[in-house]
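Student: Using only what follows, build the 3D model:
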Amino acid sequence: MREITVKQSTFERLQVHAKPLVDTTDSVINRALDALELQDSDSEEEECEVVTHRVDPQVLPNLTHTTILEASLSQQSVKKPNWSKFFDNLLITAMGQVNDFSKIRKICSINMVEGRRRDAGYHYVAEIDISVQGMNANNTCRAIVDIAQDLNIGLKIIFMWRCKEGALYPGEKGKLCLPG
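Tutor: Below you'll find the model as predicted:
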């Protein structure tokens, strides 16, 4: 075992990322190296993903302060995904499959209306002529799972909890997969 010396300021930066009574200096450095290696890797192979939490679609964790890093819907990558954009893409796929707004409406309890509506936090999904009211990550993810499971649509979402107060696992990644 080698010993290393770091400046006090570097050690204090490490402490910010440590989980009290769990992490050691070595484990924090390894987590930082894992993140660097993941960032440097161009490979999208699943075994290269550093995911701490595999999410059970039936028991979703608190997704407050999460950001989607990578997502695919029916094995098609969603570019620059966020929860709202991913949900919109899923709605487009679902409407293409069932072509019945009332059926989609029955599957999930999200506030949606046919046609264009831009007040009260609604945004318009032009491809399917539906307006959807904005919602938080928890409600959005629940709606995503409900629709995908009901219509047998495959999806993969890799997300990260931001390093913010109130995040369930700050700085850690989660993965939600549903076969199609």
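
Student: In three-state terms, label I157 for me.
Tutor: strand (DSSP: H, G, I helix; E, B strand; the rest coil).

Student: dump the residue contacts of it.
Tutor: Listed by C-beta atoms under 8 Å, 6 or more residues apart in numbering, the contact partners of I157 are I68, E70, A71, P81, F86, C141, I144, K175, L176, C177. All C-beta spots, glycine's among them, are computed from the backbone N, C-alpha and C.

Student: change it to 10 Å
Tutor: 55, 63, 66, 68-73, 78, 81, 83, 86, 141, 144-145, 174-178 (C-beta atoms under 10 Å, 6 or more residues apart in numbering).

Student: Mind listing the residues bridging to it?
Tutor: A71, L176 (DSSP bridges).

Student: and it, how far is that from P57?
Tutor: 10 Å (C-beta to C-beta, to the nearest Å).

Student: quick check, distance from stretch 80-89 to the centre of its chain.
Tutor: 9 Å (C-alpha atoms, centre = their mean, to the nearest Å).

Student: residue ranges of the strands in the chain, please?
Tutor: For the chain, the strands defined by DSSP state E cover 53-54, 66-73, 76-77, 112-114, 122-125, 130-133, 155-161, 173-178.

Student: need these in a markdown table with distance to D26 and mean pLDDT, can you?
Tutor: Output for the strands of the chain, formatted as a markdown table (distance: least, C-beta to C-beta, whole Å; pLDDT from 0 to 100):
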| stretch | distance to D26 | mean pLDDT |
| --- | --- | --- |
| strand 53-54 | 22 | 93 |
| strand 66-73 | 25 | 96 |
| strand 76-77 | 35 | 94 |
| strand 112-114 | 49 | 95 |
| strand 122-125 | 46 | 96 |
| strand 130-133 | 46 | 96 |
| strand 155-161 | 22 | 96 |
| strand 173-178 | 20 | 96 |
